[in-house]
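fold the following.
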Amino acid sequence: MSMDHLFDKIKQLPTIPQLLHELMQSFGDENAQIDKIAAKIAMDQVISVKVLRLANSAALCRGKEVTSIEQAVIRLGFNRLRSLVVASSIIGSFKAPPSFDKHRFWTETFQVATIARILAQQAKEMDPETAFTCALIHNIGELLIQSALPEEAELIHLAVQQGSSRVEAQREMLGYDYAQLGAELARRWQLAPAFVVAIDQQLDPLAHQPVSRDALLIRLAVFVSFAWHAGVPAQAIIARFPTPLAKPLGLDISQLAAQLETLHEQGNALAELLTQ
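Predicted coordinates:
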């Protein structure tokens, strides 16, 4: 089945708000008009409520209560605020079936994103919030399968239960995996090429030239989060860190072990706040 045929089969492609499109285009734009973007965020009641809830959350609250988007920009910084609005908009764009554990999915996704952000801070010439957002949308292909192809998703789930990997089962059932589908969805959403490439290359970044640094960060963040959930001790995760993936980024991971529990707690808190 061609990719076009597959998307034709999907009766209703998830759409993203114009605000989200503008925010995604503003990454890397030094001329982005922060005040105008903040004003547009303020006009969206649903997103504004979530942003204010985040700005006043126990994890982020410093001082008196924030009551406006302008104050939230000051407290969180525009880049952090933008990432959180992107997260909220993506969550609202998909309608997964009741059988899909949306809370678990977003908890794990936010954990990966918070790890990607801290890795970007320790890498050379990487923007932490761009890394956070790339990691946040790295598995939108999985959401597309769950929301638009529920019957196929159930068959893939059964194959995984019988021992197949998720990627193998998706390729067998659909002809594509979640990374390829996510990249095509990002193209159709007209997201910036850097996001499309990062999603597309995430499963094997070093197989591509040039190598996407954001794809490397996604792969590393997924590795760390998976190992942590599997019960691998923090020091053992550092000892087994994939050097070939880390080397092109110039990563210094000496402080990562001490931060892992906190990073996962932050991911849990973000998922709890944004999926309510």
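
now do the residue lying closest to residue 148 once chain neighbours are set aside, the pLDDT please.
Closest residue in space to residue 148, ignoring its immediate chain neighbours: residue 10 at 4.3 Å, by CB to CB, 6 or more residues apart in numbering. Every C-beta, even on glycine, is put in place using the N, C-alpha and C of the backbone. pLDDT, residue 10: 75.

number of nearby residues for residue 10?
Residue 10 sits with 15 neighbouring residues when counted by other CB atoms under 10 Å.

what do you get for residue 88?
By the criterion of other CB under 10 Å, residue 88 has 23 neighbours.

quick check, the residue nearest to residue 148 in contact with residue 149.
Yes - contact criterion CB atoms under 8 Å: residue 10 and residue 149 qualify, at 6.9 Å.

ok, how many other residues are close to the closest residue to residue 15 other than its chain neighbours?
Counting by CB to CB, 6+ apart, residue 93 is the residue found nearest to residue 15 once chain neighbours are left out, at 6.7 Å. Residues lying near residue 93 (other CB under 10 Å) number 17.

from residue 91, how far off is the residue nearest to residue 148?
19 Å (CB to CB, to the nearest Å).

kindly report the same for residue 46.
Residue 46 is 11 Å from residue 91, by CB to CB.

residue 173 too?
25 Å.

low-confidence ranges, the stretch 151-276 of the chain, go.
273-274, 276 (pLDDT under 70).

could you redo the last one with a cut-off of 50?
Within the stretch 151-276 of the chain, no stretch has pLDDT under 50.

was I right about residue 177 contacting residue 167?
Yes - Residue 177 is within contact range of residue 167, at 4.6 Å (criterion: CB under 8 Å).

need the residues touching each of the two.
Both residue 177 and residue 167 are contacted by residue 203, under the criterion CB atoms under 8 Å, 6 or more residues apart in numbering.

as a quick check, tell me the outermost residue of the chain.
In the chain, the residue that sits farthest from the middle, by CA atoms, centre = their mean, is residue 64; the gap is 30.2 Å.

how about residues contacting stretch 101-117?
Residues outside stretch 101-117 that contact it (CB under 8 Å, 6+ apart) are 87, 91, 96, 128-129, 131-136, 138-139, 142-143, 217-218, 220-222, 224-225, 229, 260, 263-264, 266-268, 270-272, 274-275.
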